[in-house]
Structures are given as structure tokens and as C-alpha cells.
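> model this:
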Amino acid sequence: MAIRKQEQLYFVERMLVLLDAGLPLLESITLMHQSASPSWQKVMTIIAHHLRQGERFSQCLSMQHAVFDPAFIGLIRVSEESGEISLALRTIQQQLYTQIELHRQIQQALAYPLITLGSACLLMIAMLIWVIPVFSDVFSHFNASLPWSTQLLLNASEQFTLYLPVLSSGVAVTGLCCSALWLRHPGFQKRCDQYLLQIPVIGDIFRLSTLACWCRSLGYLIQAGLPALEAMRITAQTSNQWLCHDLSAHIFKSLAQGWSFSEALKRADPQRRFFDHETAQLIQIGSASGALATMLSKRADVLEKQLTSRLTLLSHSLEPILVVFVGLLIGGLVIILYLPIFNLG
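Model (predicted):
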């Protein structure tokens, strides 16, 4: 059962309020269970049951690995040893809030272009199916030669309407096949992630977002007291991008073999496909000075600011371009359709 990050953030915030009020952990879970949604009631029922049997909170969370990611569980496990669960929950709260905010910024920047392009495509399809055939019937009574652009548009409308069932079936089958490949073949997911990062502008935005989350997660884990090797293993497990996952796993193997953090980074990404030069240099300095967690957190702040500025620039640049594009598209279609009428006049 997949739980959205927004719901996990709500769970952490409510637990923090109850724990700060002085309630024990089991009683807090019981109170939260009474007003939780049906999906969370199942989760908290299982957690409360195992807590009554004397198991640790991190062990209860690990039994719900489909709900809580390894970073969540790892921070709770470290906090149990130090007795500071509230501090771990505040760290998780900040981490979840940062991830949600990054995703919201990306969605907000890409929503307008996608909606505009989708609306333009739907309008174009509607004109090809319903509007242009009406003009074709009118032009058939003119008994005059049509401009080449008008004739080309009429032929395109006729062919599109004729092969519309075939095209629709092909799009549906292609979508189903891609969905099946995505769910069953990790290799297909890796290729899609690689192609996504190679898109000129969009790819760099997703790289910055993934790298910022990587730095933030690894910094939080090391700052919480986890060894670098364990923190890297959890970071690899929680990554939702295949290139980041593979690079993190490669760094983990190099660290386990005794390589330093900077050398492990160079061995994992020698071509700087994911880690830019500045990030790699700061990580090298942080690992050598013993301030790796602080350096990662500061680098994550810088990357998030860069991401925000690029998203703002992209949004402001695309809006006028899309308005002009849609205007030219619709205006061009109207002019092409009315050219024969102007010629007759």
C-alpha cells in the first residue's frame, strides 16, 4: 500500500504534537488511530499491536516498509538509541516538507505548458474531425481550384478522420505496453530515466531536484548519527530515480571496500553525469574535514535555490512562447480555411 508523502507528513506532525504534550508513544498511536483515515487505521492498528508486544518502534515501522521508506525507519532507529524520538520526527518532518515543496514547484512550473499544449492538441483534433469537414462540403460546391495549403489541410482532415479508430487503438495499445514494461522491467525504467535527464532544459531541472533530495537525505542521515556506509545504503534504497540509485549503490560498494568518500564519488560518476564539479568538490572537502553532513545540507540549500530560479525562469519564458504558438496555430488554420473565400471574392 503506497502512502503519499503529504499523508506521511500529516502523520509525523500529529505524532509530534502528542509526544510534545507528554503522551507515551503507544497512547499517541491509539489516539491517532481514532481520527485517522481508513488506510492509516490499518497501519496504526498493526503498529499498536506490535508495540503492546514489546517490540521497538523502528521494528514496527519496518514491518510497514511499503508505507515508510528506509530513511524514515533509519532515523527512528538511531533516535531510539539516543532517546530523542521527537528530534528524529522533526528531522523527518523537515525532510518530507522539503521534498513536497520541491515536487510542488516542479508541478507548478510544468502544469501551465502541459495544459496549454494539451488544450491546443485537443482543439486541433476537434477542428480536424468536426470543423474542417464542414468547410470541405462548402468548398465542393465552388467548382474552383483550391489553394495548395487549403487542399493539404482538407486531405489531412479526411485521412485523420478515416484512420482515427486505428490511431486511437494504436495510442491505447502503446500506452498499455509502456505501462506494462514500466511495471515489470526495471531496465525500461532505467532507460526512461536516462532519456529524461538528457532533455535539454527539463533534464537539468530533474537532475537538480534529484541531486538536492540526495544531498538532503544523506546529510540528514549522517547528522542523525548513522555511519556514512549505512547512510549511503539507506539513501540508495530511498532513491526514486534509477541513475541516482545506481550511483549511490556504487558509492556504497566503494565505501565498503575501504575507499574514501571522494574517491568513491569519482569512481561512481567519472563523467559527472549526475554530480556536478562543485557538488563533488564540496563533498570531498566535507569528508576530509569531518563536516560532511553540514556540507551536504548547505549544498542542498544552494541546489534548491538554483532549482527555484530555473523553474521561475522557465515558467516566465514559456508563457509568452506558448501563447504565440497557440495563436499562430489557430490563426493559421483559420486563414487557410478562408483563403478560398477570399480568392472567390
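
> Tell me which residue lies farthest from the centre of the protein.
residue 143 (56.5 Å; C-alpha atoms, centre = their mean).

> Which elements pack onto the helix or strand encompassing residue 235?
Here residue 235, judged by DSSP states H and E, is contained in helix 228-238. On a contact count with 3 or more C-beta pairs under 8 Å, 6 or more residues apart in numbering; DSSP states H and E, helix 228-238 meets helix 70-82, helix 202-223, helix 242-256. To be clear about C-beta, it is placed using only N, CA and C from the backbone, and glycine gets the same treatment.

> What's the first helix or strand after the helix or strand of the chain with the lowest mean pLDDT?
Ranking every helix and strand in the chain by mean pLDDT, DSSP states H and E puts helix 70-82 at the bottom, with a mean of 80. Proceeding N to C from helix 70-82, the next assigned helix or strand is helix 85-126, under DSSP H and E.

> next structured bit after that next one?
Using DSSP H and E, the helix or strand that follows helix 85-126 towards the C-terminus is helix 132-139.

> so what's the residue farthest from the centre of the chain scoring on pLDDT?
On the pLDDT scale, residue 143 is placed at 72.

> likewise the one 5 residues further on?
Note on residue 148: pLDDT of 87.

> Grab the nearest non-local neighbour of residue 237.
residue 70 (4.4 Å; C-beta to C-beta, 6 or more residues apart in numbering).

> Tell me, how many residues neighbour that neighbour?
18 (other C-beta atoms under 10 Å).

> Could you say which one of the helices and strands packed on helix 228-238 comes nearest to residue 109?
Proximity to residue 109 (C-beta to C-beta) singles out helix 202-223 among the helices and strands packed on helix 228-238, at 7.9 Å.

> what distance separates the closest one from the centre of its chain?
Mean-position distance between helix 202-223 and its chain equals 12 Å (C-alpha atoms, centre = their mean, to the nearest Å).

> tell me what that helix is packed against?
Packed next to helix 202-223, using 3+ C-beta pairs under 8 Å, 6+ apart, are helix 70-82, helix 85-126, helix 186-198, helix 228-238, helix 242-256, helix 292-344.

> if we go to 7 Å?
helix 70-82, helix 85-126, helix 186-198, helix 228-238, helix 292-344 (3 or more C-beta pairs under 7 Å, 6 or more residues apart in numbering; DSSP states H and E).

> where in the stretch 51-200 of the chain is pLDDT low?
Applying pLDDT under 70 to the stretch 51-200 of the chain picks out residues 82.

> Let me know the distance separating the residue nearest the centre of the chain from residue 4.
With distances taken as C-alpha atoms, centre = their mean, the residue of the chain nearest its centroid is residue 103 (6.1 Å). As judged by C-beta to C-beta, to the nearest Å, residue 103 and residue 4 stand 10 Å apart.

> cool, residue 261 as well?
For residue 261 relative to residue 4 (C-beta to C-beta), the value is 33 Å.

> So the two - more neighbours on which side?
Neighbour count, other C-beta under 10 Å: between residue 261 and residue 4, residue 261 has more, with 19 against 10.

> nearest residue to that one other than its sequence neighbours?
residue 287 (3.8 Å).

> which element is that neighbour on?
Assigned by DSSP H and E, residue 287 falls in helix 277-289.

> re the thing from before, ok, now which ones touch the residue nearest to residue 261?
Residue 287 sits next to 260, 261, 262 when contact means C-beta atoms under 7 Å, 6 or more residues apart in numbering.

> taking the residues you listed one by one, which sit in helices?
When the contacts of residue 287 are checked against helices (DSSP state H), the matches are 261, 262.

> want to throw the contacts of residue 287 into JSON lines with distance to residue 12?
Below are the contacts of residue 287 laid out as JSON lines (distance: C-beta to C-beta, whole Å):
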{"residue": "260", "distance to residue 12": "34"}
{"residue": "261", "distance to residue 12": "29"}
{"residue": "262", "distance to residue 12": "34"}
